[in-house]
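1. sequence and predicted structure below; questions after.
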Amino acid sequence: MRLTGITTFAAAAALMGSVALAQDTPATVVDIIVNSDDHATLESAVVAAGMAETLSGEGPFTIFAPTDEAFAALPEGALDAALAEESKDTLKAILGCHALASKAMAADVIALVEQGGGSAEVTTVGNCRLTLTVADGTVRINDAVTVTAADLVAGNGVVHVIDGVLMPAM
């Protein structure tokens, strides 16, 4: 799905399967993830990292949510290693690269990129620096990850579905 201006919540919700429609806005970004058929791995990671309570808090949050397919594309063994109990700090660092401490709707991201002359840098809650660009109406992150569905609105923020996993510099 291409991001052209503001993607309507109803269109994005149709892609997400069981996400509630706009009149029944999910309470939290975690609710969107939990109710998605495409984010079981992200849900498991958020729980394993002990971040569900934080992301269910007041916010606001913007979550770049990798799909199960995105996690499956990681090198063999990488996901299992990150989900291991002894790797909780590493898992938190990875998940921290996917969250902003603000509510950035698609239109906000596009405006930020336009103001930046074609790109914009943002810093995540995990202190990862992401470079955002827009080409043909599609938002890209670090020239490697694409936003495939946007503006899934929750009471404490917004979720944008992405087709890759953002990794911290280690």
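-> Perfect, I can see it now.
2. secondary structure class for the most centrally placed residue in the chain?
-> For the chain, the residue sitting closest to the mean C-alpha position, by C-alpha atoms, centre = their mean, is Phe64 at 1.2 Å. The local conformation at Phe64, judged by DSSP: H, G, I helix; E, B strand; the rest coil, is strand.
3. helices or strands next to the strand ranked longest in the chain in the packing?
-> Counting residues, the longest strand in the chain under DSSP state E turns out to be strand 145-154. On a contact count with 3 or more C-beta pairs under 8 Å, 6 or more residues apart in numbering; DSSP states H and E, strand 145-154 meets helix 9-16, helix 29-34, helix 106-115, strand 138-141, strand 157-162. For every residue, glycine as well, the C-beta is placed using N, CA and C.
4. ok, 7 Å please
-> Using 3 or more C-beta pairs under 7 Å, 6 or more residues apart in numbering; DSSP states H and E as the contact criterion, the neighbours of strand 145-154 among helices and strands are helix 9-16, helix 29-34, strand 138-141, strand 157-162.
5. packing partners of the second one?
-> To tie it back to what came earlier, the one meant is helix 29-34. Under the contact rule (3+ C-beta pairs under 7 Å, 6+ apart), helix 29-34 is packed against helix 40-48, helix 52-55, strand 61-66, strand 145-154, strand 157-162.
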